[in-house]
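Student: The amino acid sequence is not available; the structure is as follows:
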């Protein structure tokens with residue numbers, strides 16, 4: 001017997017010991033659960049990590065309570081749905097979304113929630129249950145046991161404290177045996193050291209919401225007096241389409257100041273608050289310029305060419321990023337009219353880019369945000385403003401950093417850093433303090449606008465996810481996925497889809513962010529499973545015979561390439577004597593990759609290493625099905641302007657496809673090209689490249705005018721075996737601006 005959703009009825013009799021939300025709510029004695037660094041208080045509807053309240057939606061919280069109360073037991077999906085929505089008919093996707101939110105809140109290492117394929121979920125963390133009456137006594141006992149014997153123990157870095165993973169359902173490759181009494185002491189010491197070595201983070205209950213958009217507000221900027229807030233309303237947190245908005249704080253209505261289709265970023269106020277400057281990117285010519293719009297409303301206009309990420313350092317002087325050659329971008333100080341321009345910082349690697357800069361209150365130091373030569377975000381860097389040295393990296397040293405700020409007294413540097421797959425706010429005492437995390441939880445916080453009084457900052461706070469979908473002859477359906485999927489690729493027979501699962505949602509304007517774990521989905525059965533557990537994969541490709549994948553990884557700054565069997569019949573093997581990124585299979589089995597700004601090819605066994613073509617290239621996009629062309633992003637020979645181009649492997653001249661986002665890829669049968677990420681264009685027999693105008697395509701209209709071209713209204717399309725089969729992204733994001741008190 002089933003209800004209208006296909007769920008079986010009468011699930012109450014399946015397993016009597018299970019405890020659901022309603023039954024537990026009737027208990028007289030409130031309980032408390034502890035697992036890892038978390039404390040769950042169902043009666044107070046609180047989840048805490050140390051002393052930080054973790055925000056969850058009501059249903060996600062109820063889901064966690066049910067899982068924890070039934071720790072170690074498999075809860076079938078139908079059971080969970082019946083417990084959580086006893087009087088409603090809901091889709092399974094509601095439960096999936098709750099599980100996804102919980103995994104973001106709890107983190108992926110260690111894993112607390114196990115998925116049992118086609119069945120349900122099991123909480124696998126080691127749970128301790130306490131009654132509230134015993135909580136204070138337990139905490140006092142901890143403190144008595146773990147008081148440090150000397151100052152050296154008290155100053156021990158957090159990274160040196162031992163953490164113990166929750167129990168797993170499958171054996172770990174490394175085994176640690178810790179007596180129960182020792183475990184309690186170790187956890188107590190870890191908590192004590194963390195509490196003594198850092199300032200407690202601000203409680204989420206003290207965050208003040210400043211915008212209430214249903215879509216996305218990002219990149220906040222505050223006027224010098226703190227009375228006005230500017231931001232970009234658009235899908236990207238870095239650079240993308242959107243409009244500049246401003247609002248009077250605290251309760252003014254947001255006012256749209258720009259009305260165009262330009263790609264924008266980095267709003268900032270002039271010293272008198274009368275203007276808002278912002279970056280505009282022209283992808284056709286890879287031109288980064290600064291535009292300005294009056295805060296009282298008027299037509300925007302260009303302020304400075306070849307200047308991005310601009311900020312005023314006083315009423316007459318500015319800091320900005322400037323392209324020197326190709327894409328090599330450095331930080332420049334100058335007067336507003338560009339007189340007296342001088343370099344503050346230029347990355348040592350020519351393709352690298354320094355995108356943002358932030359002057360210290362005393363005017364002596366600059367914190368900057370930069371990309372390496374592979375256009376991956378690096379940790380932030382602090383340099384002297386006089387340009388006398390390259391400075392040093394600051395903030396979390398293994399985390400990408402995308403924005404920064406100074407405290408008003410100059411004693412702290414603040415960063416948006418991605419240390420575990422999600423952006424949070426960090427800070428570090430200047431000049432040589434230790435980085436400490438400021439914000440936690442399931443949301444992402446990005447951007448830092450420091451308030452004039454120094455007591456708070458404004459940041460964009462987001463809950464987002466990306467799901468992968470497939471369109472084929474059976475219709476459109478979602479691939480089984482909990483988390484954020486990216487970089488899908490079909491096997492040549494079209495029966496399987498490989499993809500990466502990352503913690504941060506995919507953005508069309510940040511495809512180079514965040515590694516992920518490689519998964520593979522069987523499109524017939526719908527089953528998905530991890531292919532390489534524990535491998536952080538930055539990029540990969542599937543071999544022409546569908547039996548192997550080549551994988552790009554990054555370990556301690558070394559970019560290595562690996563080969564793995566798709567059937568997992570053997571362990572991955574590293575390609576010897578090769579270091580590079582963006583691996584791509586050719587039809588003859590050779591592997592193409594990029595190192596620095598050159599393309600190479602090598603046999604799978606590491607022999608036959610040689611350059612693929614002579615021209616420099618900064619991004620490898622793909623190899624044509626016939627193996628004659630490689631698409632890449634590189635400077636045009638006649639002008640140096642960055643463009644997508646097709647490079648011949650037979651000695652022919654490169655062919656310009658178009659601007660920086662004029663992507664070209666092919667269906668696996670080679671009969672159709674995908675242009676600009678949205679247009680399928682049929683190719684004649686023997687034709688590899690679509691009919692391209694001189695200098696490449698300059699607009700979507702030019703692509704749409706090609707014979708047989710048709711547009712697919714989905715995001716992130718990846719072609720499959722034919723034009724009728726493709727994968728794409730669908731996602732949800734809500735990003736609003738919050739005022740966060742400084743701890």
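Tutor: Yes, it's here. Since we're looking at a predicted model, the values are computed, not measured.
Student: Please make it C-alpha for all contacts and neighbour counts, starting now.
Tutor: Noted.
Student: tell me the contacts of residue 116?
Tutor: Going by Cα atoms under 8 Å, 6 or more residues apart in numbering, residue 116 touches 74, 122.
Student: ok, now how distant is it from residue 529?
Tutor: The gap separating residue 116 from residue 529 is 11 Å, by Cα to Cα, to the nearest Å.
Student: Can you check which residues contact both of the two?
Tutor: Both residue 116 and residue 529 lack any common contact, where contact means Cα under 8 Å, 6+ apart.
Student: Do you have the strands of the stretch 251-400 of the chain handy? List them.
Tutor: 255-256, 263-269, 275-282, 287-294, 301-304, 308-312, 317-325, 328-335, 342-345, 353-359, 365-371, 381-384, 392-393, 400-406 (DSSP state E, counting those that start in this stretch).
Student: Format these as a markdown table; extra columns: mean pLDDT, mean neighbour count and distance to residue 671.
Tutor: Listed next are the strands of the stretch 251-400 of the chain as a markdown table, based on pLDDT from 0 to 100; neighbours: other Cα atoms under 10 Å; distance: least, Cα to Cα, whole Å:
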| stretch | mean pLDDT | mean neighbour count | distance to residue 671 |
| --- | --- | --- | --- |
| strand 255-256 | 96 | 16 | 45 |
| strand 263-269 | 97 | 26 | 33 |
| strand 275-282 | 97 | 23 | 31 |
| strand 287-294 | 97 | 21 | 34 |
| strand 301-304 | 97 | 15 | 43 |
| strand 308-312 | 98 | 26 | 41 |
| strand 317-325 | 96 | 21 | 38 |
| strand 328-335 | 97 | 23 | 37 |
| strand 342-345 | 98 | 21 | 48 |
| strand 353-359 | 97 | 25 | 37 |
| strand 365-371 | 97 | 24 | 37 |
| strand 381-384 | 97 | 21 | 47 |
| strand 392-393 | 96 | 14 | 48 |
| strand 400-406 | 96 | 26 | 40 |
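Student: Take those strands and lay them out in CSV including distance to residue 74.
Tutor: Shown next, in CSV, are those (distance: least, Cα to Cα, whole Å):
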stretch, distance to residue 74
strand 255-256, 51
strand 263-269, 47
strand 275-282, 51
strand 287-294, 54
strand 301-304, 61
strand 308-312, 51
strand 317-325, 54
strand 328-335, 54
strand 342-345, 56
strand 353-359, 49
strand 365-371, 45
strand 381-384, 48
strand 392-393, 46
strand 400-406, 37
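Student: closest to residue 698 out of these?
Tutor: Minimum separation from residue 698 across the strands of the stretch 251-400 of the chain (Cα to Cα) falls at strand 275-282, 11.0 Å.
Student: nearest residue to residue 720 other than its sequence neighbours?
Tutor: Distances taken as Cα to Cα, 6 or more residues apart in numbering put residue 726 closest to residue 720, at 4.8 Å, once the chain neighbours are dropped.
Student: let me fix that: residue 472
Tutor: Residue 472 sits nearest to residue 725 (Cα to Cα, 6+ apart), 4.4 Å away.
Student: ok, that neighbour to residue 221 distance?
Tutor: Per Cα to Cα, residue 725 is found 43 Å from residue 221.
Student: residue ranges with poor pLDDT in the stretch 351-500 of the chain?
Tutor: Filtered on pLDDT under 70, the stretch 351-500 of the chain yields the residue ranges 480-483.
Student: And the chain, by the same measure?
Tutor: In the chain (pLDDT under 70), the answer is 1-30, 87-91, 108-109, 131-199, 480-483, 503-514, 556.
Student: wouldn't residue 496 be in contact with residue 526 here?
Tutor: No: using Cα atoms under 8 Å, residue 496 makes no contact with residue 526, being 9.4 Å away.
Student: The two: who's more crowded?
Tutor: The neighbour count for residue 496 versus residue 526, taken as other Cα atoms under 10 Å, is higher for residue 496 (19 against 13).
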